[in-house]
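Participant: got a sequence here, can you build the structure:
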Amino acid sequence: MKHDLVVLFEHPEWQKPLWAALQRRGVSYAALDLKQGAFDPDAVPEASLYFNQASPSAYVRGNTRAVPFALSLMRSLELGGARVLNGSRAFLLELSKSAQGALLRTLDIPHPRSLAFNDPAAVLAQWTGGWPALLKPEQGGSGARMFLLSSGEELQRLLREQPSLWLPDNLLLLQEYFPVDPARGIVRMEFLGGKFLYAMRVVSHGAFNLCPSVECNPEDGGASTCAIPEGAPAKPVEFYPYLDVPAAAVEMGEKIVAAGGLDVGGIEYLEAADGRRIFYDINANSNLRAPIGQAFGFDPFERVVDFLAAEILERGRPAS
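Facilitator: Purely as a prediction, here's the structure:
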């Protein structure tokens, strides 16, 4: 085999810290760009370990073809005997907000009421979640195409005026809205190898794009390399280390990661007015934020390389 590791990616800016850490450690790896590719299902795999870093939000950047390519490739790799970290099972979960809701229900973890729909009249006939409500794409990512709506009429008008919101899969989600304390924001916990890595509070200032990558939300509020949705507030999203995240929240996060088959993942929850923790987003493509990890006393990308090197060794290949 040519490499110890192959990283599947679509957004090169997100991967630069990981690639730098792999190079520092001398890990033999290749980067496979999902935007432009071809594969022979009879010929794969060429490595024993693959790391999926594809994102559902690829379509926002004009890379719609990357997602089905990644999914087909990973299925072929898995059938060929390769270990794919955050493989097809985890990726399918990330591609479906409704599946995430179903998983949270099976785990008896509080989550927003949601309806997946392909027709506005059908969803309004069944909606009992009240207003305002959130409109989300079933295949979400980076806060793209999310709207806070005040009525069913506003939903119908929005979809008439912006039919492109149905893309990429012609399936949308209407979700119960929970206001949060704007000064406290939401909580995002990161997990690596099924175990807690760190947590942070994210103060959005009304933005939906809470991607933790410094390329998407720079520390200084500077230019972003992400396709931030129109109407995002001028004030930058703020990220703070959450050193005393409750153990009960971590335990719930670990249950979600295990049940969803995630090797690396970010789990988000909000704190409702009645004190409940409402879990609402499961991210298999976990863009780590180095300053937050450093506040916990480590470089998160070095921790990822530790994990990858251990996986390589387990498969019988030398790793630095």
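Participant: what residues does whichever strand or helix holds residue 134 touch?
Facilitator: Applying DSSP states H and E as the criterion places residue 134 in strand 133-137. Applying CB atoms under 8 Å, 6 or more residues apart in numbering, the set of residues contacting strand 133-137 from outside is 97, 112, 127, 144-149, 155, 158, 165, 168-169, 171-177. (C-beta placed from N, C-alpha, C; glycine too.)
Participant: adjacent strands (with direction) for the helix or strand immediately after that strand in the chain?
Facilitator: Remark: after strand 133-137, the chain's next helix or strand is strand 147-149, criterion DSSP H and E. Looking at strand 147-149 with DSSP bridges, its partner strands are strand 133-137 (antiparallel).
Participant: and the partner strand, C-alpha only, in CSV?
Facilitator: Below are the C-alpha coordinates for strand 133-137, written out as CSV (Å, rounded to 0.1, in the frame of the first residue of the first chain):
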residue,chain,number,x,y,z
ALA,A,133,-39.8,28.2,14.1
LEU,A,134,-36.5,27.4,12.3
LEU,A,135,-36.3,26.4,8.7
LYS,A,136,-33.3,24.2,7.9
PRO,A,137,-32.1,22.1,5.0
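Participant: pLDDT of it, averaged?
Facilitator: Averaging pLDDT along strand 133-137 gives 97.
Participant: burial measure for residue 204, as a count.
Facilitator: 20 (other CB atoms under 10 Å).
Participant: that one: what's it in contact with?
Facilitator: Counting by CB under 8 Å, 6+ apart, residue 204 touches 185, 186, 210, 237.
Participant: run through who's touching stretch 235-242.
Facilitator: Contact partners of stretch 235-242, identified using CB under 8 Å, 6+ apart, comprise 185, 187, 198-205, 207, 209-210, 212, 217-218, 220-221, 289, 291-292, 295-296.
Participant: can you flag the buried ones in those residues?
Facilitator: Among those, those classed as buried by 16 or more other CB atoms under 10 Å are 185, 187, 198-204, 207, 209-210, 212, 217, 289, 292, 295-296.
Participant: what's the strand or helix carrying residue 68 packed up against?
Facilitator: Following DSSP H and E, the helix or strand that holds residue 68 is helix 66-79. When contacts are defined as 3 or more CB pairs under 8 Å, 6 or more residues apart in numbering; DSSP states H and E, helix 66-79 packs onto strand 5-9, strand 49-52, strand 83-85, helix 88-94.
Participant: a strand runs through residue 198, doesn't it?
Facilitator: Yes: the assignment for residue 198 is a strand, going by DSSP: H, G, I helix; E, B strand; the rest coil.
Participant: I'd assumed residue 296 was in contact with it.
Facilitator: Yes: counting by CB atoms under 8 Å, residue 198 touches residue 296, with 4.6 Å between them.
Participant: just list whatever residues bridge to residue 114.
Facilitator: Following DSSP bridges, residue 114 is listed with bridge partners residue 175.
Participant: quick one: it and residue 175 touch, right?
Facilitator: Yes: assessed by CB under 8 Å, residue 114 is found in contact with residue 175 at 4.5 Å.
Participant: overlap of the contact sets of the two?
Facilitator: Counting by CB under 8 Å, 6+ apart, the residues touching both residue 114 and residue 175 are 97, 129.
Participant: please, where are all the helices along the stretch 101-250 of the chain?
Facilitator: Assigned helices in the stretch 101-250 of the chain, in chain order: 120-126, 152-161, 247-260 (criterion: DSSP state H, counting those that start in this stretch).
Participant: any residues touching the shortest one, and which ones?
Facilitator: Meaning helix 120-126. Helix 120-126 has contacts (CB under 8 Å, 6+ apart) with 115, 117, 152, 155, 156, 159, 172, 174.
Participant: count the residues that sit near the first one.
Facilitator: Other residues lying near residue 115 total 20 when counted by other CB under 10 Å.
Participant: what about stretch 176-187, start to end distance?
Facilitator: End-to-end span of stretch 176-187 (CA to CA, to the nearest Å): 18 Å.
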